[in-house]
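*Asks:* take this sequence and fold it.
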Amino acid sequence: MKIVIVGGVAAGGSAAARARRMDDTAEIILLEKGSYVSFANCGLPYYLGGEIPNRDSLLLVRPELFRNRFHVQVRLNNEVTEIRRKEKTVLVSSPEGVYEESYDKLILATGSEPIVPAIEGAALENIHTVFTIDDVDAIMSKLDNGVEHAVIVGAGFIGIETAENLVKRGIPTTIVEMKSQILNILDPEFSPPIEAHMKDAGLEVRLNQSVKAFRGENKVEEVILSDGTALPADLVIISAGVRPRSQLAAAAGLEIGKYGGIVVNEYMQTSDPCIYAAGDAAESRHMVTGKPVSVALAGNANKQGRIAGSNAVGGRLRYQGTLATSILKIFDLTAARTGLTEREALANGLDCFSVFIPAPNSVRYYPDAGWMILKLTALKDSGKIIGAQAVGDKGVDKRIDVIAASIYAGLTVYDLENLDLCYAPPYSSPKSPEILAGMVASNVLRGDIRLVLPYQLEQFLKETNAELIDVREIPEWNAGHIEGARLIPLDELRKNPEQLDKSKTYAVYCGVGKRAYDACRFLTQHGYDVFNVTGGYDAYIMDV
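*Replies:* Prediction:
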């Protein structure tokens, strides 16, 4: 058995190691067109900022390890230029010349490539992507010589991480995003608090702006925006997303999917059963929708590579699909998601609902307790959990991981409210944010409470002619409240509910939703038509 793997890094390296572990007699050759067989893509921005001080730390696995430990031939700077399926060979361009290599099974781990928009002046010097070791070497050379102004084009993962690390180096930095929000992988209401935090940290943010041109004599000097603004810049980072590197597969006649990735089945086989594909180059199946998606994440690439390597030597491992679970550090904030956002769920025609849970990441009395806002999305008919998003400080990763596992297991909000999770004051609360989310969502499905989403409140008030009631205390009201609301502290309302009119509809809010829930419960039982603004004032001001 002869296995040829095209591409290294996460998917190719995982495929090679797994194939060897499962078959110690197979001949395994890994062909990598670059100079490094495996490096930490996700660590590149942190090397630029000095968080990772040693460049060699980014080089995860060297060819010598593959050779000595796994008896895998690694050939660097060997680019596969053609797949000859009929002959079961690949054509390879190397420093020594062009040659042909035969295979019994072929694994394509060609990865993805950064999208560089066709912008006037894009060929000027000091315009880079952050994608490879060579990229960061070139950027570090510029940083070492001094940078006065940097512009980041695109507010996705790499753009934000790079912007943060440049700011930490003391470089005035502007991030430009053509869409109306930061991090399009989250629902829009999470953008304002993230944007505010980034600005507080010293990062300039320009939304709803595209780049019209780069200007300069040989080297970039200015970035011209769509509104005519000229931003000074002697360093530009393009972070406009990535796309699957599937040209080699397409030229060989393999099936390519809607998003430009190689179509594979659950065994990571392509339309040619002797050829497998894994990682960013391959399309995945979303666990919630069952539809193909293109997800460029290291976790997916490692799992898919492992499956492809195992099956290429006769295994029958199955890839279960992806939830696109992802996380991002943004200065002192963390943003994470799993499954579908509410926007994605609605776009897929799912009849769903969402709840907001602003909650502490530990008990409130514990020193340095922080906060997060968690949004949980579930199906209306069954309560099946389909997605979650969170922004906050400590503990966001734990909450999203718990919900990711819940989605994978097919759990409902009724299961979530009954999970037995660890608790001690430094780590969580007896009712942790994800359990609270399950409780609130279960209350909705049981008919115990009716909710209004914060960003839908204005439209709800118009459509129902409802009156907005704030049940917080006077100091909280004075610190900030929703315009048009009427203040009736909960205890006062409890003593005298008759001050409300049973012929009217009311929307009730408090700080995070709990006191409003208490108000809604007793008012409902006394014949009042009431709705709870889920997440309360804390969730409402996210989108202000």
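*Asks:* tell me the contacts of the residue nearest to the spatial centre of the chain?
*Replies:* Ranked by distance to the mean C-alpha position of the chain (CA atoms, centre = their mean), the top residue is S326 at 3.9 Å. For S326, the contacting residues are 157, 185, 297, 336-338, by CB atoms under 8 Å, 6 or more residues apart in numbering. Heads up, the C-betas are built off the backbone N, CA and C, glycines and all.
*Asks:* select from those residues every entry located in strands.
*Replies:* Under the assignment DSSP state E, the contacts of S326 contribute 336-338 to strands.
*Asks:* show me where the stretch 1-150 of the chain has its helices.
*Replies:* 9-22, 44-48, 63-70, 133-144 (DSSP state H, counting those that start in this stretch).
*Asks:* and G170, which of those is closest to it?
*Replies:* Proximity to G170, assessed across the helices of the stretch 1-150 of the chain by CB to CB, is greatest for helix 133-144 (10.6 Å).
*Asks:* what's next to that closest one, contact-wise?
*Replies:* Contacts for helix 133-144 (CB under 8 Å, 6+ apart): 34-36, 39, 44, 47-48, 55, 58-59, 126, 128-130, 169, 171, 234-235, 237.
*Asks:* got it, and stretch 77-93?
*Replies:* 4, 6, 31-35, 75, 94-95, 98-104, 106, 248-249, 251-253, 272, 274-275.
*Asks:* got it, and stretch 60-74?
*Replies:* 8, 13, 16-17, 20, 27-30, 32, 37-40, 76.
*Asks:* 10 Å - rerun?
*Replies:* 3-5, 8-10, 12-13, 15-21, 24-32, 36-41, 43, 56, 75-76 (CB atoms under 10 Å, 6 or more residues apart in numbering).
*Asks:* buried subset of those residues as a PyMOL selection?
*Replies:* To isolate the buried subset of the contacts of stretch 60-74 in PyMOL, counting by 16 or more other CB atoms under 10 Å, use the following:
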select buried, resi 3+4+5+8+9+10+12+13+15+16+17+18+19+20+26+28+29+30+31+32+36+37+38+39+40+41+43+75+76
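*Asks:* in its sheet, what does the helix-or-strand element of the chain with minimal mean pLDDT sit against?
*Replies:* Lowest mean confidence among the helices and strands of the chain (mean pLDDT, DSSP states H and E): strand 59-61, at a mean of 86. Its sheet considered, strand 59-61 pairs with strand 38-39 (antiparallel) by DSSP bridges.
*Asks:* and the strand it pairs with, what's its mean pLDDT?
*Replies:* The pLDDT scores in strand 38-39 average 90.
*Asks:* stretch 530-544 too?
*Replies:* Mean pLDDT, computed over stretch 530-544, is 89.
*Asks:* repeat for stretch 233-248
*Replies:* pLDDT averaged over stretch 233-248 gives 97.
*Asks:* shaky segments in the protein?
*Replies:* Applying pLDDT under 70 to the chain flags residues 543-544.
*Asks:* and the closest residue to D393 other than its chain neighbours, what does it touch?
*Replies:* With CB to CB, 6 or more residues apart in numbering as the criterion, D393 has its nearest non-adjacent residue at 3.8 Å, and that residue is G370. By CB under 10 Å, 6+ apart, the contact set of G370 is 332-334, 360-362, 392-396.
*Asks:* I'd guessed E417 sits against K431; true?
*Replies:* Yes - in terms of CB atoms under 10 Å, E417 counts as a neighbour of K431; the distance is 9.1 Å.
*Asks:* which residues of the stretch 51-200 of the chain fall in strands?
*Replies:* 59-61, 73-76, 79-84, 89-94, 97-102, 105-108, 112-114, 127-128, 150-153, 173-176 (DSSP state E, counting those that start in this stretch).
*Asks:* my read is that A345 contacts K384, right?
*Replies:* No - applying CB under 10 Å as the test, A345 and K384 come out as separate, 11.3 Å apart.
*Asks:* shared neighbours, those two?
*Replies:* With CB under 10 Å, 6+ apart as the test, A345 and K384 both reach 288, 352, 378.
*Asks:* fine by me, we can end here.
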